[in-house]
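1. please work out how this folds:
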Amino acid sequence: MAITSNKTIKKAPGTAFCTLIALLGFATFSGHDALIKTLDDYSVFQIGFFAVLFSFVPFTLFIAVRSQEISLRPKVPGLVAVRCVSIFGSMICAFYAFRNLPLAEVYALIFAAPMLITILAIPILGESVKAYRWFAIAVGFFGVIIVLNPQGQELSLGHFAGMLAALCSASTAVVTRKIGSRENSLTLIAYPLLANLSICGIAMIWVYQPMPGKALAIMCGIGLLAVMGQALLIFAYRNAPAQYIAPFQYSQMLWAVFFGALFFNEVPNRNVWIGSVIIVLSGVFIVWREMAVSSNKPILNTRNFRAVSGPSAFSSETDKQPGDSD
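-> Okay, the predicted model is just below:
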C-alpha cells in the first residue's frame, strides 16, 4: 500500500537563476561604489561611519528577531582582531581609491586580491601552489603593472590605496577561512562592524562636516546597497555551485566602466583595458583552479574580493567544509 505524504518538496532554484541573482548582487556592489565616488566633499572616515551605521541597523534587527541565544564571545580573539583591522583597512583604502581614481582603474587594482589570497594561503593555511598557479599569479601582476602604467603617469596615493585595499581584502579572506569553522558567523560580522563604527566615529571628531539631506540620503543608500548586495550573493552561493558564481565577480568591471562613463565622464585608457583583461583572465583561472584542487578553498568561500561597508561574512563563508579541522 502506497503511503503519500502531505509535505511539499520545495524545488531548489536553478543554477541559471542563481547566476542572474549573483550578477544583480555584484551590480549592486558596483552601485554602492559609484555612490561613494559622489561624496568627494567628505572624509572617507565620515563616509565609512554613516555607511556602516546604515548597514549595522538591519543587522542588529536581524539579531533581535533570532529565537536562539547567541554568544558573540570570540574563540580566537587575536585573529578576530586582525580580521577587524584588515576589513577596516580594506574599506577605508577602497573608499579613498574610488574617490581619487576612475572606477574601472580601482577595480583593476582590487582584482589583484585573488593572486594575493593564493600567496597568503601558503604560510597561513599551509596550502601548496603548483607551477601553473604561480604562472597565473605572475601574469596577473604583469596586468597590474600595465594598469599602473609607471612610464605614462605619476602614481598617486589613490593607486597605493587601491593596492592596499586588495592586500587587506586578501588578508580578510585568508583569516576568515582559517577561523571560520571555529567562530560563530555572527561574531565575524558584528566585531568588524563595531570596529569600523568606533574607529570612524573617533576620527570624525576631527574631520566631520555638516551634511545636507541629499548627502545623508546617499550615505543611507551606500549602507543599504551593501546589505542588499550581500543578501543577493548569500542566496546565490547557497543555491548554486560556487564555481558557477565566483567568476562573475569580474562583471563589476563592466559596471565600473558603465557607471564611470554615465556619471563621471570616465573613459578607461588603453593600458587599463589591456591590464584589466589580463588581470581578469588570471583571476578567473586562479579562482577556478583553487575551487577545483584546494582543500581549504580560501577564494571559494569569499563572496566579494573586498570587504564593503555592510556585513562581510555570512553562512557558507564561515560554514565548516568537509575535511576541515578545528
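2. which regions of the stretch 1-150 of the chain sit below the pLDDT cut-off?
-> 1-12, 59, 61-70, 150 (pLDDT under 70).
3. quick one: the helices in it?
-> Using DSSP state H, counting those that start in this stretch, the helices assigned to the stretch 1-150 of the chain run over residues 15-38, 44-65, 77-100, 103-110, 113-125, 131-148.
4. ok, which of those helices comes nearest residue 167?
-> Shortest distance between residue 167 and the helices of the stretch 1-150 of the chain, using C-beta to C-beta, is found for helix 113-125: 5.7 Å. Using the backbone N, CA and C atoms, a C-beta is placed for each residue, glycine as well.
5. what is the orientation angle of the closest one with helix 131-148?
-> Counting by axes from the mean of the first three to the mean of the last three C-alpha atoms, to 10 degrees, helix 113-125 lies at 130 degrees to helix 131-148.
6. which helices and strands sit right next to helix 113-125?
-> Packing partners of helix 113-125 (3 or more C-beta pairs under 8 Å, 6 or more residues apart in numbering; DSSP states H and E): helix 131-148, helix 157-179, helix 270-293.
7. just name the most buried of those.
-> Most buried of those, by mean neighbour count (mean count of other C-beta atoms under 10 Å): helix 157-179, with a mean of 24.
8. C-alpha coordinates for the helix or strand that comes right after that one, PDB please?
-> Sequence order places helix 185-207 as the next helix or strand after helix 157-179, per DSSP states H and E. Written as PDB, here are the backbone C-alpha positions of helix 185-207 (Å, rounded to 0.1, in the frame of the first residue of the first chain):
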ATOM      1  CA  SER A 185      29.300  33.700  11.700                       C
ATOM      2  CA  LEU A 186      27.500  36.500  13.600                       C
ATOM      3  CA  THR A 187      30.700  37.100  15.600                       C
ATOM      4  CA  LEU A 188      32.600  37.600  12.400                       C
ATOM      5  CA  ILE A 189      30.000  40.100  11.300                       C
ATOM      6  CA  ALA A 190      29.500  42.000  14.500                       C
ATOM      7  CA  TYR A 191      33.000  42.800  15.500                       C
ATOM      8  CA  PRO A 192      34.200  44.300  12.200                       C
ATOM      9  CA  LEU A 193      31.000  46.500  12.100                       C
ATOM     10  CA  LEU A 194      31.600  47.700  15.700                       C
ATOM     11  CA  ALA A 195      35.300  48.300  15.000                       C
ATOM     12  CA  ASN A 196      34.600  50.300  11.800                       C
ATOM     13  CA  LEU A 197      31.900  52.300  13.500                       C
ATOM     14  CA  SER A 198      34.100  53.000  16.500                       C
ATOM     15  CA  ILE A 199      37.300  54.000  14.600                       C
ATOM     16  CA  CYS A 200      35.400  56.100  12.100                       C
ATOM     17  CA  GLY A 201      33.400  57.700  14.800                       C
ATOM     18  CA  ILE A 202      36.500  58.800  16.700                       C
ATOM     19  CA  ALA A 203      38.100  60.100  13.500                       C
ATOM     20  CA  MET A 204      35.100  62.200  12.800                       C
ATOM     21  CA  ILE A 205      35.900  64.300  15.800                       C
ATOM     22  CA  TRP A 206      38.500  66.000  13.500                       C
ATOM     23  CA  VAL A 207      37.000  65.500  10.000                       C
END
